[in-house]
Structure formats: C-alpha cells, structure tokens
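Undergrad: fold the following.
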Amino acid sequence: MDDIPTRYDPKKCEEKWYKFWEEKSFFHAESNPSKKPYSIVIPPPNITGILHMGHALNNTIQDILIRWKRMEGCSTLWMPGTDHAGIATQNVVERKLAGEGIKRQDIGREKFLKEVWAWREEYGSTIIMQLKKLGCSCDWARTRFTMDEGLSNAVSEAFIRLYNKGLVYRGDYIINWCPRCQTALSDEESVHKELNGFLYYIKYPVKNGKGNVVVATTRPETMLGDVAVAVHPEDSRYKDLADKRVLLPIINRELKVIYDNAVDQKFGTGIVKVTPAHDRNDFEMALRHSLSPLIVMNPDATMNRESGEYEGMDRFECREVLLEDLKERKLLVKIEPHVHAVGHCYRCHTVVEPYLSRQWFVRMKPLAEPAIDVVKKGLIKFYPERWTKVYLDWMENIRDWCISRQIWWGHRIPVYYCRECLKEASKCTVNSGQLTGDTKDDKGIIVSRTRPEKCPTCGSMDIYQDEDVLDTWFSSWLWPFSTFGWPESTEELKYFYPTSVLVTAPEIIFFWVARMIMAGLEFKGDIPFRDVYIHGTVRDDTGTKMSKSLGNIIDPLEIIDEFGTDALRFSIISITAVGQDVFLSKDKFELGRNFANKIWNASRFVLTNLSQQNIGIASSASGGLAMTEPEVIARTPTLRRRTWQSNLSLPDKWILSRLNQTIESVTDALGEYRFNEATSRIYEFFWHEFCDWYLELAKPVLVNSEQLTVNSEQQKEITQIILYDVLDKSLRLLHPFMPFITE
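TA: Residues are numbered from 1 along each chain as shown. I've put the predicted structure just below:
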C-alpha cells in the first residue's frame, strides 16, 4: 500500500476506470426474472449538441440513480440515444453548405439528406463521447437514434394508428410560421418574449358616410390582409356602424363591420381589424362570420402580390413604408409604447408569423383525458409536487398539435397522394382546423407504411409522397417504448417498461413529458414512467440563465479538465436543492475538488496503516450497514484465540453508529430525490465525523504502539478493521456521486 501516490490526479484515474467499466460491460443489463427491473430512458440530446451545464446536471442526477440501484442489486438499464433534431440539424448543415456557396435547393432533397447523414456520422456522436467523460453509465451497446430503422417504423405505426382512429387530420388553420426556417412550429416551439413595441392608431374611412373609425394594431403591415373590422355587440360607441362599410386605408378595399363578443372593448379604441390569415383570434372570428381570409405574405415573410404596391418588401420594411404613407395621407393618428408578448422560433429566434397554412394535426383532447387521470390518481408523481398543477393546467387547456414541418430532415409523413383523384377532388375549405368530412375518406389521400404501387380508388400509378416531415417531438414522444422495440413485443419491452423515473428540465414538460404520458397510454396502454423529477435551470451566480450569446456559460469539459469529473458532479449536486435553479460560478467547483482530495488522503492513511492480514479480514465483511460489535470481534484473529470478550471503545461504537445513521439518511434522501441532502450528509459524516474525529483518535492507536501490550495490540487490530469498514462503506455511499475516485 506504500505505492499510493500522495496526491489525487483525476486525469490518471478517469480514463483508466471508464475504459475498464466498458471493457467489462458493467453497464449492460438484461431482463432477469429473479431481479427487480429499474430503468431510465435518457432525454435524448440533439446530435447538434455539445455538453453544457444543463446536460451535466441532468445526466449526473440520472447516473446517481442508476449507480445506486445497480449497487442495490436491481437489473438496471439506462437507455441512451440521440435525437435527430430536425430543424436544428437542418440549419447546421445548411450553414455548412452556405460556406461552400451552396443552397439545399441547388442540390435537391436526396443529395441534401446524404449531406445530413454524412454530417451525423462525423459529428453526431460528439455528445455521447462527452457524456462518457461525465462518467455516465448508460448501456451504450443499446444506443438508439430517433432516425434509425426501428424508431422510424415506430413513427409510421403511430401516425397510421392515430389516422385510422380519426385522431390525425389535415386542415387549413393558423399556425406558428418561422420565416427563417420556413416551417410550421407547434405552440410550444413558439417561445413568447415580452417586447417593447408600439400600438399604432390608424383611421379607416367610413364608406358613404362622414368621418372615420380609428383602429389600433401592433402589426400594421398585416392590415393589408384585413377583411373586416369588429366591435363588441354591447359597445354603444359603434352602434351606428351597423350595416355600414369602411375602407381599408391606401388599398381602399371595402370591409364589413361585424359584431363579435371576442372583441376587447378596452383594447385600443374598442374597434379592431380582422385579418384572418395572419391572426389566430381573427381566424376564429372569421369562421363565425363566414369571412374569406386573404394571405398577404409569402412564406419568407415578404409581402405578396395581394399587398399591392408593397409587394416584395420584407414585413418589417413594409411596416415602416406603410406608416410613412399613412402619415402622408394623415391617416396615422398616434403611436403609443406598448409591451406585448411576441412569439419567436425556439431554434433561430426569428419573430414567428401567425400564418394560414394547410398542415397535419393531432387531436389532443381525447389523448389528454387519460393522461390527466393517471396524474390525478397519483399513478405518476411529479417531484417537486408543484409541477403537478403546471402539468394539469396545460393538459386541461390543450390545443391540437401541428405535427407537419416544411423541412427535409426528419421522418417523412407516411401519406401519399393520387394526382388523378386530386384533380377530381374539390379544394379543402377553410375550417376550424378539422378536415371537411371524414379524413379517412379524403379522395386522393393514401396513408401507408410503404409507397403503394397504385391508387386503391382509381388504379392510377401517378402517386407522390407528402413533402413534409413530422415534428421532431413526434418521434420523441414514443421514446420510452420505441427504444425497447415497439411496435414489436420484445423481452426488453415486457421487462423494462414502464420505466422507473424520468429526469428532465421544466422547459420540456409540455414538449415532451406530457406527450410521452399520452403516447404511453395510447399505444402501450400503460404509463411510461412512475416518477418525474424536474430539476432546476442552471444559471450564473447573478441568476442569469447561461447562454452563449450572453457569454456567461461555464464549459463542463473545461471544469473536468481543471477540477476532475467527480469534483464537477459532487459540486453541482451539492448546490442543487430539490427543483430549485442552480447558481454556478467556477469557484464553486473547489468544493468537490477539495472533498476529492480529502477522500484520497484519508483513504491513503487508512490503507497504508492496515496490515496485510487485516486487509483480508476487513474486506471479507459484507452487508449494507457497518459491522456490529460481535462481527468486529469475530473478525479479529487475536480475539478468536482468546477466551475472553472485549467491548469496543466508545469512539469505535460512536463512528459505527454514525455510519449506520448516515447510510439510512442517504438512502432515504435518494428515495425522495433529495440529492443535495444526500451529498450534504455524506460530506458531513466523512469529513467532520470520520476524518476530523475518528481518524485523529485512531492515530495514537495505530502509530504510537511501539511498546505493544496484549490489549493495545487487540485495539490496534479492531481499529484497523473499523477504519477499513467505515472507509469501504463510505466509498460505496459516495460511488453514485463520485464514481471515479471511489472506484
């Protein structure tokens, strides 16, 4: 034992032991009827991603749980994988091609997808390698990818089942449109930010009458698509407008005056413009009054020919020019500062445009009802419990999910069209998001896992597939069971599903958590997990969320290089209270580094002062708790040769008692996902009770025993065995948190 280095060097330790674990397949799990299953599916990181502190926190928590349950004897599976991240990955590859002077449209869909797959092969596993540096003990042999063949089959199966049940439909509806990515976004992908904007008051002349009405709007460029103005039926200010028309400024198009209860009498002047193709509320209002929408923008948010002289202008350029024209005509009454929430693309941060478009949707209310029920009954529990209300509020007010995306990278929608039948079919009318008639009887639409040879209706072979792909989250919501082989009935699926716990961040409760619960109940008839642990957001020490643009990120790989993986893991968990945000600065990782050094030095002292004979005796101890007094006596050879009994000293009894209490409190804390309490208790015991007290009391017994009496020799043997036993079990307790140094 004298060859133990005097200082702990994590760089020499970490790579060596991780390689050892992988070579021995210690992370691999199989179904075993004699063992209790424990499984976690990793929130699949995007293939575009690199390790950040949010990943470090999330995956450290999962690894703690997995290592703990593995040590308890469960058949423990941590299912790894990555997400194809449709919009994000397409953007990355498009930027790469742009650097070469190429647009994806120049090379076409097939060649572009080859470029994406090539990029994925080269860079898509970066995040996996970085998770290994974090010490993650996933069953890497089972790594899945949301675009691999098995998961692609699962996606098609889910779509077709929902379509056949009438839960998937195609309709014209207002969606969130990103002009930069040129695709639809779900409500959750349109992140609302409060902006300091303006409220513009504009005169609309009354036709064949005197005067004007004044309309207030935050987006004057969309007025070019107005088809009416609306007032509240009880607003006495505008009763004289009944049966009158107003003129759209500059364009001079006649507009109806309608009366609708949805109008807020307190907003602006109490009279609002109705632009059904560019506003969700206006769209609903237009349906109630049988108004035809008018789209005045192209998909790239430039104005189209319906906008008259403003055609070709960017929407914001159009706004400025239009305002100047209104000023010249003395139609702009005033401009007031106005704070309002504006949707932004969650990927490229472009201002989202509400846009009338034909898309595919999932009816969510029928899926939400059982998913609400299982949470209310406590079959799925949220930690902290306050997230239950957040989940239920969203589920009880859920909207239909727009699942089609106008990009090339992703799961192609398994829908085919017959050109001959479509020629005969009438155009789909604008409706409230439902297809006119039964979706299964739509002429010319064929929903199929594979390309049909001919149209089942007319026999034509002139068939083409829908150009759109499915929302990335459509594959992710199947993740807890598709990764185990669904729709096939595999041994892994039967044994490891439902999974035990989901560890995730609050921002994807709606994107992912809620949808997984719905999917699990719909496709598997069971919940996907029993517990949902929601950890906080990682922020800098001022409370600002970490981001590259703000320059306040802390790179986990740099921390690992400087302090070691164990130091990073222990530090970040120690300051993470249940469900609370984490406030990080670089100096906080000194806690973990100092503790790792303390563990090393204490271990070195114990092992270098333990006789070879007593190493074997002590290491034969088994069981989860510290040895009892009779066990210590029985394991001491000198005492076995004596006929008399000896009591342990008061310090011996005290440290064994404190160790047992620590084991129990740490186990309880882990069972309730109180990770920082667990680390605090271990830290307190090891540093202050074991090192500061018992080790110091043991030194005279171990070192100052030149004149050994029978009793002092016996006490030395007992002290050595207790030191070893306490160290051994302390390292086991610490292993889920600090796997490298404890190994």
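Undergrad: alpha carbons only for contacts and neighbour counts from here, please
TA: Fine.
Undergrad: okay, strands next: where are they in the stretch 501-650 of the chain?
TA: Secondary structure of the stretch 501-650 of the chain (DSSP state E, counting those that start in this stretch): strands located at 529-534, 538-540, 582-584.
Undergrad: packing partners for the longest one?
TA: Contact analysis of strand 529-534 by 3 or more Cα pairs under 8 Å, 6 or more residues apart in numbering; DSSP states H and E lists strand 381-383, strand 499-504 as its packing neighbours.
Undergrad: tell me the angle of the longest one relative to strand 529-534?
TA: Between the axis of strand 499-504 and that of strand 529-534 there is an angle of 20 degrees, by axes from the mean of the first three to the mean of the last three Cα atoms, to 10 degrees.
Undergrad: ok, the residue nearest to Val513 when sequence neighbours are not counted - how many residues close by?
TA: Leaving aside its chain neighbours, Val513 sits nearest to Trp477 (7.8 Å; criterion: Cα to Cα, 6 or more residues apart in numbering). As a burial measure, Trp477 scores 22 neighbours (other Cα atoms under 10 Å).
Undergrad: kindly report the same for Ala341.
TA: 12.
Undergrad: that one reaches Gly197, doesn't it?
TA: No. With contact defined as Cα atoms under 8 Å, Ala341 does not reach Gly197; the gap is 9.4 Å.
Undergrad: tell me, what's touching the two both at once?
TA: Taking Cα atoms under 8 Å, 6 or more residues apart in numbering as the contact rule, Ala341 and Gly197 have no neighbour in common.
Undergrad: residue ranges with poor pLDDT in the chain?
TA: Within the chain, the segments meeting pLDDT under 70 span 1-2, 425-441, 549, 612-647, 704-711.
Undergrad: domain parsing for it?
TA: For the chain, automatic domain parsing gives the domain ranges 35-157+472-535, 184-353, 414-465, 595-742.
Undergrad: in the helix of greatest length in the chain, what's buried?
TA: Using DSSP state H to define each element, the chain has its longest helix at helix 710-734. Within helix 710-734, the residues that qualify as buried are 713-734, counting by 16 or more other Cα atoms under 10 Å.
Undergrad: after it, which helix or strand is next?
TA: Helices and strands here follow DSSP states H and E; after helix 710-734, the next one along the chain is helix 739-742.
Undergrad: just give me how far that following helix sits from the chain centre.
TA: Helix 739-742 has its C-alpha centroid displaced from the chain centroid by 28 Å (Cα atoms, centre = their mean, to the nearest Å).
Undergrad: next: stretch 192-206.
TA: 35 Å.
Undergrad: tell me which residues in that stretch are buried?
TA: For stretch 192-206, by 16+ other Cα under 10 Å, it's 192, 197-206.
Undergrad: how far away is the nearest residue to Phe523 once chain neighbours are set aside from Asp725?
TA: Excluding its sequence neighbours, the residue lying closest to Phe523 (Cα to Cα, 6+ apart) is Ala158, at 7.6 Å. Per Cα to Cα, to the nearest Å, Ala158 is found 54 Å from Asp725.
Undergrad: try Leu392
TA: 48 Å.
Undergrad: in this structure Gly308 contacts Ile251, no?
TA: Yes. Contact criterion Cα under 8 Å: Gly308 and Ile251 qualify, at 7.5 Å.
Undergrad: returning to that earlier point: mind putting the strands of the stretch 501-650 of the chain in JSON lines, distance to Val213 and mean neighbour count included?
TA: Formatted as JSON lines, those follow (distance: least, Cα to Cα, whole Å; neighbours: other Cα atoms under 10 Å):
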{"stretch": "strand 529-534", "distance to Val213": "51", "mean neighbour count": "21"}
{"stretch": "strand 538-540", "distance to Val213": "49", "mean neighbour count": "21"}
{"stretch": "strand 582-584", "distance to Val213": "53", "mean neighbour count": "22"}
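Undergrad: can I get those in CSV including distance to Ala88?
TA: Formatted as CSV, those follow (distance: least, Cα to Cα, whole Å):
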stretch, distance to Ala88
strand 529-534, 24
strand 538-540, 22
strand 582-584, 26
